[in-house]
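Enquirer: need a structure here:
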Amino acid sequence: MLADERLSFLAQLIILVRLANPYSSVILLQPIHLDNDSVSVESTPGDVMRSRLEKLCEQTASVLAFHSDRWRWLRAGTLALLAISVNFAPLRSEAQEDGGEARIFADPLPLSESEYSGLVNPPPAPSGDPLEQRLRQLELEVSSQKSEAELLRNRISEIGKSKESKPDPKSFKASWKNQLTFESADKNFTAHFGGRTQFDTVWLKDNPQAFGKNNGAGDADAVDFRRARLRMEGTIYRTTEYVMEYDLVNSVNDNTGLIGGLPSQPASAANVIGVPAPTDLWWAFKEVPIVGNVKIGNQKEPIGLEHANSSRYLDFMERSYNQDAYTGPFNNGFTPGILFYDSFHEDRGIWQLGAFKNVVNVFAYGAGDAAYAFDGRLAYLLWNEDEGRQLLHIGGSYSHRDPIGDAMRIRTRGSLRNGPGAYDPVFADTGVFLGNSQDMAAAEFSLVSGPFQLQSEYIASTVTDARNTAGTVNYGTYFTNGYYVMASYFLTGEHREYELKRGSFGRVVPKNNARWSREDCEERSWGAWQVLVRYSALDLNDNNLNGGQVSDWTFGVNWFLNPNMKIQANYVYTDRNSLNSPTAPGSGAINGFGMRVAHDF
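Expert: A predicted model of the protein is given here:
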């Protein structure tokens, strides 16, 4: 058989091999024509091709055995096969009789230079039966291409399904991380519905004159819901935060006689009533140029560390005397106003500046000319390692306040409460007096070293032009101060979590939640245990305005059942000196023991 005939026949062989590929297209059902050294492909009906293929099968054996140089022509035909299967386009093959290299052309040929070189110069045919082994090699290559095509098809199908299953950006999903939170798919909106409940039992014992007369519930034993609040908070379009919280067991002294908006009659069971009242009720706008963040509404003023800590995370059943006397008097610790705040130095420091209406009620309401408060707080972590397990916090705050109608009163209740807020016994009290303005300065310190914590705060207050309500006695500049020092230790190895952007401490998360079910004996655990001690003192005696002196030692044990529930036990020894004389009425020692079951979600 002549070379031209072999090339024509091998070109037809290409068609036969290519038909074995399940991805064959109509272009393969074509006759082959030889014109000198070129091979061209033209379309023709499939019946003609099937007839020619039948003849081709009968001639295959004799043709493949002819002449030893046939591999040069077989390679030319094989490359034509590959070109046709890749391009599905007209193909031409040029071969040289003088032993030169065969060249295959296909228009267009979407192959890289390296791929094209591999086609033109394939590796040598294996030993043995050359044609059989070469055909097997081609089958393996085709099989590999099938696998790659299948993978590509599956990937395209997955992408299509992913696009089809893309959630509605306004749909919400629920999650739990110590609280129930809802979040939209595009993360523009979040909502948390929660609250807190604290149930107290208190037993008090005193000497005959320690409480004095007409002093609230006196030394009576009591049970009381200290707090019962419902809360909703979240974000709107990522840049606006909101909080709405209401205390359902708040109480007020419903006296008819008032001086400067303050009760002039002592609280009693007859005039103390329970009323719901707002606590946190504000909006915060984040990422505001220059100032960082802006909060508007009823909120905590930025004075002190202990005041900044949420009542959900209190170490003791009650804060120190500073809370009642300075940072939250008569308004539950919340004041309507505006606050500018931000963090700095990778959130190691925070600053806060605010202006507030100096109200003396729990309803976020204040009326009167002036009567504003201007506050500022700066706090910084000098040391912060091991994700907050090792830190040193320092801070300071300042407040300038104008009282409503110049009327003022500084007082504090005890570290155990045996009645509704307005009915609790008062241990140090100036009564109502007048003053032009009040300035307060506070310093704060907290050291955390693993399970150990040491913390202290000091607040000093001065009232200018202090005088009695009749204006007949002038006390000049009236100076008072209060402080506390506390230490705590987790027996089970936990630590207090620090909230960087607030500059305060947050939730305790036990390493193991309490479990004592008999069905789970192998998984029993006892939650987290913490022991604490605190010394707190307040001095309201100065320049013949004697509000009294009081101090106490508080020893506590906290049992954290899980991140949302705890049981607290406090023993408190109180030393009261009401008129700077240990023998005066209302002076003496008071012993008390209290327990609390607390839950927040």
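
Enquirer: and stretch 498-514, how far apart are its ends?
Expert: By Cα to Cα, to the nearest Å, the extent of stretch 498-514 from end to end equals 23 Å.

Enquirer: pull out the buried positions in that stretch.
Expert: 498-500, 502-508, 510, 513-514 (16 or more other Cβ atoms under 10 Å). C-beta coordinates here come from the backbone N, C-alpha and C atoms, glycine included.

Enquirer: pLDDT and distance to Leu532 for those - can I get that in a markdown table?
Expert: Output for those, formatted as a markdown table (pLDDT from 0 to 100; distance: Cβ to Cβ, whole Å):
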| residue | pLDDT | distance to Leu532 |
| --- | --- | --- |
| Tyr498 | 96 | 17 |
| Glu499 | 96 | 20 |
| Leu500 | 95 | 24 |
| Arg502 | 94 | 22 |
| Gly503 | 96 | 21 |
| Ser504 | 97 | 17 |
| Phe505 | 97 | 13 |
| Gly506 | 95 | 17 |
| Arg507 | 95 | 17 |
| Val508 | 96 | 12 |
| Pro510 | 96 | 16 |
| Asn513 | 93 | 21 |
| Ala514 | 93 | 19 |
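
Enquirer: now the two most distant members of those.
Expert: Gly503 and Ala514 (30.6 Å; Cβ to Cβ).

Enquirer: in a markdown table: the buried residues of stretch 498-514, plus secondary structure and distance to Val448.
Expert: Shown next, in a markdown table, are these (DSSP: H, G, I helix; E, B strand; the rest coil; distance: Cβ to Cβ, whole Å):
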| residue | secondary structure | distance to Val448 |
| --- | --- | --- |
| Tyr498 | strand | 7 |
| Glu499 | strand | 13 |
| Leu500 | coil | 13 |
| Arg502 | coil | 15 |
| Gly503 | coil | 14 |
| Ser504 | strand | 13 |
| Phe505 | strand | 9 |
| Gly506 | coil | 12 |
| Arg507 | coil | 14 |
| Val508 | coil | 12 |
| Pro510 | coil | 17 |
| Asn513 | coil | 22 |
| Ala514 | coil | 24 |
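
Enquirer: His192 touches Phe182, doesn't it?
Expert: Yes: using Cβ atoms under 8 Å, His192 is in contact with Phe182, at 7.5 Å.

Enquirer: intersection of neighbour lists for the two?
Expert: Common contact partners of His192 and Phe182 (Cβ atoms under 8 Å, 6 or more residues apart in numbering): Gly234.

Enquirer: show me what the helix or strand where Val448 lies is packed against.
Expert: Val448 belongs to strand 437-449 when elements are defined using DSSP states H and E. Judged by 3 or more Cβ pairs under 8 Å, 6 or more residues apart in numbering; DSSP states H and E, the packing partners of strand 437-449 are helix 305-308, strand 390-401, strand 452-467.

Enquirer: so can I have a markdown table of these showing mean pLDDT, distance to Ala373 and mean neighbour count?
Expert: Putting the helices and strands packed on strand 437-449 into a markdown table (pLDDT from 0 to 100; distance: least, Cβ to Cβ, whole Å; neighbours: other Cβ atoms under 10 Å) gives the following:
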| stretch | mean pLDDT | distance to Ala373 | mean neighbour count |
| --- | --- | --- | --- |
| helix 305-308 | 97 | 13 | 24 |
| strand 390-401 | 98 | 4 | 19 |
| strand 452-467 | 98 | 13 | 19 |
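
Enquirer: just give me how far stretch 430-442 sits from the chain centre.
Expert: Centroid separation for stretch 430-442 versus its chain: 40 Å, with Cα atoms, centre = their mean, to the nearest Å.

Enquirer: quick one: average pLDDT of it?
Expert: For stretch 430-442, mean pLDDT is 96.

Enquirer: which of the buried residues of stretch 498-514 lies closest to Gly547?
Expert: Distance to Gly547 across these (Cβ to Cβ) is lowest for Ser504, with 28.8 Å.

Enquirer: I'd assumed Ala308 was in contact with the closest one.
Expert: Yes: Ser504 lies in contact with Ala308 (Cβ under 8 Å); the separation is 3.9 Å.

Enquirer: CA atoms of stretch 339-347 as CSV?
Expert: Provided in CSV are the C-alpha atoms of stretch 339-347 (Å, rounded to 0.1, in the frame of the first residue of the first chain):
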residue,chain,number,x,y,z
LEU,A,339,-22.5,60.1,75.7
PHE,A,340,-19.5,60.2,73.3
TYR,A,341,-17.2,57.2,73.6
ASP,A,342,-14.6,55.1,71.8
SER,A,343,-11.7,52.7,72.4
PHE,A,344,-8.0,53.2,71.4
HIS,A,345,-4.6,51.5,71.3
GLU,A,346,-6.1,48.2,70.0
ASP,A,347,-9.0,48.4,72.5
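
Enquirer: identify the residues contacting that stretch?
Expert: Contacts of stretch 339-347 (Cβ under 8 Å, 6+ apart): 291-296, 299, 302, 349-354, 380, 500-501.

Enquirer: what about 7 Å?
Expert: Here stretch 339-347 makes contact (Cβ atoms under 7 Å, 6 or more residues apart in numbering) with 291-295, 299, 302, 349-354, 500-501.

Enquirer: same deal with stretch 240-257?
Expert: Residues outside stretch 240-257 that contact it (Cβ under 7 Å, 6+ apart): 225, 227-236, 263-265, 267, 271-286, 332, 362, 420-423.

Enquirer: from those, keep the buried residues only.
Expert: Here, 16+ other Cβ under 10 Å leaves 227-229, 231, 233-235, 263, 267, 271-272, 277-282, 284, 332, 362, 420-423 buried among these.

Enquirer: ok, Ala370 - contacts?
Expert: If a contact means Cβ under 7 Å, 6+ apart, then Ala370 has Asp402 as its contacts.

Enquirer: roughly how far apart are the residue nearest to Asp375 when sequence neighbours are not counted and Tyr326?
Expert: In space, and not counting its chain neighbours, Asp375 is closest to Ser399: 4.5 Å by Cβ to Cβ, 6 or more residues apart in numbering. For Ser399, the distance to Tyr326 (Cβ to Cβ, to the nearest Å) stands at 8 Å.

Enquirer: any residues in contact with both of the two?
Expert: Common neighbours of Ser399 and Tyr326 (Cβ under 7 Å, 6+ apart) are Met440.

Enquirer: what about the nearest residue to Val288 once chain neighbours are set aside, which SS state?
Expert: The spatial neighbour of Val288 that comes closest, neighbours along the chain excluded (Cβ to Cβ, 6+ apart), is Val294 at 5.4 Å. Here Val294 is strand, with the state taken from DSSP: H, G, I helix; E, B strand; the rest coil.

Enquirer: look up the pLDDT of Val294 for me, please.
Expert: The model reports Val294 with a pLDDT of 98.

Enquirer: count of neighbours near it?
Expert: Neighbour count for Val294, taken as other Cβ atoms under 10 Å: 16.

Enquirer: now do the contacts for it.
Expert: Val294 touches 284-285, 288, 338, 340, counting by Cβ under 7 Å, 6+ apart.
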